[in-house]
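K.L.:
After the sequence you'll find the predicted model.
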Amino acid sequence: MLPRSIILQALAGHVPDRTPVWMMRQAGRYLPEYRELRAKAGDFLSLCYNPDYATEVTLQPIRRFGFDAAILFSDILVVPHALGMKLAFETGEGPRLDPVGSLSDLKGLRETLDPSRTSPVFEAVAKIRANLPVETALLGFCGAPWTVATYMIAGRGTPDQAPARIASLMDPAFFDALIDRLVEVSADYLVGQLEAGADAVQIFDSWSGVLDPESFVRWTIRPIARLVRLVRTKRPGARIIAFPKGATLAGLIRLVEETGVDAVGLDWTAERKAVRLALGGKVALQGNLDPLALIAGGAGLDAAIDALMADLRGAAHIFNLGHGIRPETPIAHVEQMLRRVRGY
Ligand code: CP3
């Protein structure tokens, strides 16, 4: 029996009757209804930790566009927050955390996630699932251990995550311990979301592209492999998407072989045809429209979509962007994109 959701069909390796579509960061600042609720909530974290607000914001893009998946509205930095780190989002400046830099700093953090932080998230998942049509999949998520570690070490976003790369070279004992902690707590976090009603989960490795090939194996592939294994000991058959942004073709192939994920997310630089040839029969392929094509609109957007659909034809393809939608994207261009994709 095929699942009702065409995203879950694709994750099970079937090529659905029509191409499922959702967008990373689909709930967010490009939507006036998001900006309105965000202003009412006061700040971003209050949106994340209020189950009613998080539910509402998650559902906004589903109501407006009818995407085939909803993604839980939250943030990857909820995990370090729930380990006891201070976290703030300064408007227009991104996240700020008190950095961790040594084994003794790590000892000062919790061993497990603070339930007072995670329970509103799980409550939101249950509420969202109860308010979604059966054919719309609900995706939970977490950051990959490497990507979350880069923010914990730098305390903020940086252009190339140099602080974490230096720490991994200078203090491997600390770095290994930090990654191990993140693997364990992220597994608990994903299991909690799946138990609360998420149909599948995505692991965001937004910073895997700054790693050399050996470090990619050590810090992206191995931790994700352990995370997937841990999640599936508690939730056998859990459907899992990995998004290793910036991965090479060789990196993607090895990641699929060694982690057992059901889908890989491709960023807009991926060599799509080669990826389809190497992995098309093995996993679902998610992606990978350049978010800037969605800002451009017009004939350029149509041409980019046509090229993408042609390159991944025959694969279990989940249409998405190659990274999150940017706040300045016109809503009319999202509508144009959906008409085009749904016309295939
Ligand atoms: O995709 C979705 O719609 C679900 C919600 C979601 C958010 N962040 C909401 C958000 C998801 C899945 C994330 C993941 C996330 N968060 C990642 C991985 C994906 C990626 O984009 O690479 C990362 C690296 C973060 C950390 C983070 N959160 C940063 C660096 C920033 C600041 C930059 C920015 O876009 O503002 C955020 C803030 C954030 N997360 C916003 C939203 C809607 C903007 C907050 C606001 O309303 O001001």
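P.N.:
Thanks, I have the structure now.

K.L.:
make it CA atoms for all contacts and neighbour counts henceforth
P.N.:
Will do.

K.L.:
Would you mind listing what in this protein touches the ligand?
P.N.:
The chain has residues 24-28, 44, 71-76, 91, 94-95, 157, 204, 206, 324 near the ligand, with proximity defined as C-alpha under 6 Å from any ligand atom.

K.L.:
helices and strands around the longest helix along the chain, which ones?
P.N.:
For the chain, the helix reaching the highest residue count under DSSP state H is reported as helix 172-196. Contact partners of helix 172-196 among helices and strands, from 3 or more C-alpha pairs under 8 Å, 6 or more residues apart in numbering; DSSP states H and E: helix 103-107, helix 115-130, strand 137-143, helix 145-154, helix 162-170, strand 200-205, helix 222-234.

K.L.:
And that helix, what's buried?
P.N.:
Applying a neighbour-count criterion of 16 or more other C-alpha atoms under 10 Å, one finds 174-176, 178-194, 196 buried in helix 172-196.

K.L.:
tell me the residue furthest from the middle of this protein?
P.N.:
The centre of the chain is farthest from one residue, Ser104, which by C-alpha atoms, centre = their mean lies 30.0 Å away.

K.L.:
can you tell me the residue of this protein closest to the ligand?
P.N.:
Shortest the chain-to-the ligand distance, computed as C-alpha to the nearest ligand atom: residue-wise this is Arg25, at 3.0 Å.

K.L.:
Next, count neighbours for that residue.
P.N.:
The burial count assigned to Arg25 is 19, neighbours taken as other C-alpha atoms under 10 Å.

K.L.:
remind me which residues of the stretch 51-200 of the chain are low pLDDT?
P.N.:
In the prediction, the stretch 51-200 of the chain carries no residues with pLDDT under 70.

K.L.:
Just the buried ones from the residues of the chain next to the ligand?
P.N.:
The buried subset of the residues of the chain next to the ligand - by 16+ other C-alpha under 10 Å - is 24-28, 44, 71-74, 76, 157, 204, 206.

K.L.:
Present those residues as a markdown table; the columns should include secondary structure.
P.N.:
Converted to a markdown table, those look like this (DSSP: H, G, I helix; E, B strand; the rest coil):
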| residue | secondary structure |
| --- | --- |
| Met24 | coil |
| Arg25 | coil |
| Gln26 | coil |
| Ala27 | coil |
| Gly28 | coil |
| Phe44 | helix |
| Ile71 | strand |
| Leu72 | coil |
| Phe73 | coil |
| Ser74 | coil |
| Ile76 | coil |
| Gly157 | coil |
| Phe204 | strand |
| Ser206 | coil |
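
K.L.:
got a list of what the residue nearest to Asp98 when sequence neighbours are not counted touches?
P.N.:
Among residues not flanking Asp98 along the chain, Gly155 sits closest, at 5.5 Å (C-alpha to C-alpha, 6 or more residues apart in numbering). Taking C-alpha atoms under 8 Å, 6 or more residues apart in numbering as the definition of contact, the neighbours of Gly155 are 95-100.
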